[in-house]
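K.L.:
Curious how this folds, go ahead:
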Amino acid sequence: MVSECDNKKGLQTSATYYHQADGDNDWETEHTENYAYEAERDFLTGVHYTGGTPGTDWSYDPAGNRANSGYSYDNLNRMTASPGYSYDNHPGALSDADVLLGSRKWRNYGSSGAMRYVYDVLNRVSSVCSSTSGATYAYRADGMRIKKVEGLTISWVPGEGEEEGYYNENWTTDKPTTRYWYDGQMPCSEDFTRKIDGVTTVDQTQYGLGARGIDYIRVSRGSTVLSESYPIYDGHGNMIAQIDKSGTLSNQRLYDVWGGVRSGSTTGEPSQRYCANLGHKLDDESGLIYMRARYYEPGTGRFISEDRQMEGINWYAYSENNPVSNVDPTGNSNEKLYMAGLGLLLFFLAAGGVIAGTVTEILKTTSGKIMLATGVIFLATWFADVIVPDSAKSSDELYYRWAQFANNQLAGVLIALMYASLVFQFNRSGFIREMWGIVAAQALILAAFLAFDAVEQAM
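P.N.:
Next up is the predicted model:
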């Protein structure tokens with residue numbers, strides 16, 4: 001993808017996508033997207049595609065709400081209608097605690113296409129369901145979703161006489177369940193439990209995290225690997241395809257600027273689609289994208305609940321109404337795409353500078369040199385043990401016994417050299433400097449050990 005930007009404001013004005021159409025390794029233009037913005041607030045007002053795909057235009061009211069025909073809002077910017085849908089018109093809506101807190105409770109109440117949203121005491125979505133699909137959700141203390149149970153639906157029960165009708169909950173016999181694990185706040189693993197032909201089956205998905213987020217996806221069932229693939233992202237971080245080791249592409253999709261799928265399957269795995277590199281997941285049962293703190297609705301370009309941090313002029317708008325140049329990593333923040341990349345680059349540059357400066361200072365001390373030298377020997381021996389395949393070891397038992405012995409000996413030498421270096425210090429300031437060298441060197445060695453340990457766990 002090649003993009004062009006406004007030199008004054010840094011707004012992306014166009015994006016050209018390329019592909020290899022005939023297998024001759026020549027890249028050809030697939031389509032071009034052109035963007036237009038509001039002059040004062042930089043809100044996205046239009047996108048137009050080449051290749052026959054119709055474009056779309058938007059307008060906004062002074063509060064930053066989408067003002068196209070069919071949209072309406074109350075005085076608190078809560079959406080009351082969008083084309084084809086109405087919101088929170090259920091009995092008692094004016095006194096509903098969730099609605100008062102700025103969260104959507106019902107869509108199309110009283111119709112066959114009704115959808116209900118339920119929240120826990122911390123205003124996190126605990127369930128979403130309609131007459132055809134639904135799920136419940138559970139979260140850990142920091143708000144990250146750890147469990148989803150599918151199979152929940154609702155059905156309308158007509159009232160009798162003066163009694164009003166109501167919706168009843170229904171559960172399927174089988175409750176497909178997904179559990180999620182994270183490295184920090186990035187997904188690293190999940191398992192999906194369901195019944196196939198009456199037999200409980202567990203599929204496990206493991207994610208390899210890299211510089212851009214999720215860089216590897218492995219799905220297995222027991223000891224059988226079902227698939228291994230590598231996600232392909234566009235410039236915005238949307239997963240447009242997966243490629244396996246043989247070079248075969250699958251799950252190809254194109255997205256509109258707000259995250260809706262405009263080409264390719266709109267359901268099914270992988271659930272990471274729009275902003276997939278950030279770990280965001282689209283729930284097929286609701287059509288919402290889970291963005292950690294809140295759930296985002298691509299069709300309306302809004303979150304279904306208020307921003308608890310109360311940033312910006314509109315607490316529902318996604319990425320300040322500019323989804324082309326901005327992303328929301330947490331559901332409560334807005335970042336420029338180039339700033340996110342720049343921040344990552346600056347982090348690595350700063351980390352490299354700190355390490356280089358620390359090593360330079362360590363090498364000015366005798367103890368530091370000794371520590372680094374023995375530490376490098378220890379880590380080299382240990383890392384060699386990690387990367388040598390089992391087939392190359394004559395005897396696993398003897399090999400590991402020797403490795404343990406060597407590591408213990410190196411540890412003993414290390415302690416002896418530390419003691420010797422301290423004995424031969426002649427002044428207090430020199431002693432303090434040598435101690436600093438020991439501590440700093442040990443910290444670097446420990447960091448390297450932990451990095452190698454992570455490598456071993458991944459192998």
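K.L.:
and the nearest residue to Val202 once chain neighbours are set aside, how many residues sit next to it?
P.N.:
Among residues not flanking Val202 along the chain, Thr193 sits closest, at 4.9 Å (CB to CB, 6 or more residues apart in numbering). The C-beta positions use only the backbone N, C-alpha and C, and glycine is treated the same way. For Thr193, the neighbour count with other CB atoms under 10 Å is 16.
K.L.:
which residues sit in contact with Arg253?
P.N.:
With contacts defined as CB atoms under 8 Å, 6 or more residues apart in numbering, Arg253 is in contact with 238-241, 261, 263-265, 273.
K.L.:
mind redoing it with 10 Å?
P.N.:
234, 238-242, 261-266, 270, 273-274, 276 (CB atoms under 10 Å, 6 or more residues apart in numbering).
K.L.:
Can you list which of these are found in strands?
P.N.:
Secondary structure assignment by DSSP state E places 239-242, 261-263 of those in strands.
K.L.:
Tell me the most packed of the residues you listed, by neighbour count.
P.N.:
Using other CB under 10 Å as the neighbour test, the ones in strands among the contacts of Arg253 are led by Met239, with 24 neighbours.
K.L.:
Enumerate the beta-bridge partners assigned to that one.
P.N.:
Tyr233 (DSSP bridges).
K.L.:
My read is that it contacts Asp215, right?
P.N.:
No: contact criterion CB atoms under 10 Å: Met239 and Asp215 do not qualify, at 11.2 Å.
K.L.:
Sketch out the strands for the stretch 101-250 of the chain, chain order is fine.
P.N.:
Secondary structure of the stretch 101-250 of the chain (DSSP state E, counting those that start in this stretch): strands at 106-107, 115-119, 125-130, 134-139, 145-150, 152-157, 166-171, 177-183, 186-196, 199-210, 213-221, 224-233, 239-243, 249-250.
K.L.:
Quick check: which of those strands is nearest to Asp74?
P.N.:
Nearest of the strands of the stretch 101-250 of the chain to Asp74, taken as CB to CB: strand 106-107 at 14.6 Å.
K.L.:
helices or strands up against the closest one?
P.N.:
strand 85-86, strand 115-119 (3 or more CB pairs under 10 Å, 6 or more residues apart in numbering; DSSP states H and E).
K.L.:
most neighbours per residue, which of the ones you listed?
P.N.:
Comparing the helices and strands packed on strand 106-107 by mean neighbour count (mean count of other CB atoms under 10 Å), strand 115-119 ranks first with a mean of 20.
K.L.:
which secondary structure elements does that one contact?
P.N.:
helix 97-100, strand 106-107, strand 125-130, strand 134-139, strand 152-157.
K.L.:
what's the spacing between the nearest residue to Glu169 once chain neighbours are set aside and Lys147?
P.N.:
Sequence neighbours aside, Ile154 is the residue nearest to Glu169 in space, at 5.9 Å (criterion: CB to CB, 6+ apart). Distance, Ile154 to Lys147, using CB to CB, to the nearest Å: 20 Å.
K.L.:
Between the two, point out the one with more neighbours.
P.N.:
Ile154 (19 against 15).
K.L.:
Next, the contact list for that one, please.
P.N.:
Counting by CB under 10 Å, 6+ apart, Ile154 makes contact with 114-116, 127, 129-132, 134, 166-170.
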